[in-house]
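Novice: Sequence and predicted structure are below.
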Amino acid sequence: SQQGEEDPQALSIQEGENATMNCSYKTSINNLQWYRQNSGRGLVHLILIRSNEREKHSGRLRVTLDTSKKSSSLLITASRAADTASYFCATDADSSYKLIFGSGTRLLVRP
Amino acid sequence: DAGITQSPRYKITETGRQVTLMCHQTWSHSYMFWYRQDLGHGLRLIYYSAAADITDKGEVPDGYVVSRSKTENFPLTLESATRSQTSVYFCASSLAGQGRGEKLFFGSGTQLSVL
C-alpha cells in the first residue's frame, strides 16, 4: 500500500513559471523526502524535511510540511526545461524502517 | 563516479526462466534495497539488506530471492519468472536504514520484460 500520494499526477507549465506539487500521506512520519526521476533514469534525492520542520529551502526548491494535515508540498521556482521529470515524495513511517514512495507527479516544462 | 551500477540495462526472458539482476555499489554503504517500478504503483520495496549476510523482505517479496555475500553486491533473482514480474527494477543504497532519514542513491535501473 502506498503511504504517499502526489497531486497532480501530471503538470505542464511554461519555462519561468513556478511548479507546485503536493503529497499526502496516511500515517505519522519521521521524515519526508522528495526525489526526481528523469526519463529512463534512477531517482535522485532532492531534499529531506523532518517531522519537526515546517519549511525547508534548497536553491530553487521550497518544501513545506504540515503534519496536522499529513501533507507536504514541493515548489520549484523559475522552472527550466531541465526540470522536466517525475517527482516523488517518500516517507518513512513513525514505526517502520521502510521508505514508501508515492506514484509521482510528471512535470513538463515547456521552453 | 561509478557509485551504484545495475546490469543488465535491459533484459527479455520467458516465463519460467530464472533471471538474476545485478547490483554493485562502490561506496561501502551498509544498506541496499531492491524496488520495482510499475505504472500507477510508484516504487515498491522488494527486499532490503542491512549488511552482508543480512536480508529482509519488503512489501512485495514473493517470487524473488536475494543474497548479500559481499557488502558491495546485492543480486536479485527471479526464480521462475512470470509476466507479472515485467517491470523496471531499481537497486538503491544508503549509509544507514531508511527510517533514520538517510537518503537513497539509486542505480539506473533494469527494464525486464517477461514474455
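Specialist: In hand now; what should we look at?
Novice: quick one, what contacts the residue of chain B found nearest chain A?
Specialist: Closest contact between chain B and chain A, by CB to the nearest CB, is at residue B:106 (3.3 Å). Yep, even glycine has a C-beta here, placed from its N, CA and C like the rest. Shown in contact with residue B:106 (CB atoms under 8 Å, 6 or more residues apart in numbering or on different chains): A:42-44, B:4, B:90-92.
Novice: Repeat the analysis, applying 6 Å as the threshold.
Specialist: A:42-43, B:90, B:92 (CB atoms under 6 Å, 6 or more residues apart in numbering or on different chains).
Novice: Isn't residue B:58 up against residue B:43?
Specialist: No: if you go by CB atoms under 6 Å, residue B:58 and residue B:43 don't touch, sitting 10.3 Å apart.
Novice: more neighbours, those two?
Specialist: residue B:43 (28 against 20; other CB atoms under 10 Å in any protein chain shown).
Novice: host element of that one?
Specialist: Here residue B:43 sits within strand B:42-51, counting by DSSP states H and E.
Novice: do residue B:36 as well
Specialist: Following DSSP H and E, one finds residue B:36 within strand B:31-38.
Novice: Adjacent strands (with direction) for that strand?
Specialist: According to DSSP bridges, strand B:31-38 forms sheet pairs with strand B:42-51 (antiparallel), strand B:87-94 (antiparallel).
Novice: ok, whichever helix or strand comes after the shortest one: who's next to it in the sheet?
Specialist: Scanning the chain past strand B:87-94 towards its C-terminal end, the next helix or strand to appear is strand B:105-106 (assignment: DSSP H and E). Strands flanking strand B:105-106 in the sheet, each with its direction: strand B:87-94 (antiparallel) (DSSP bridges).
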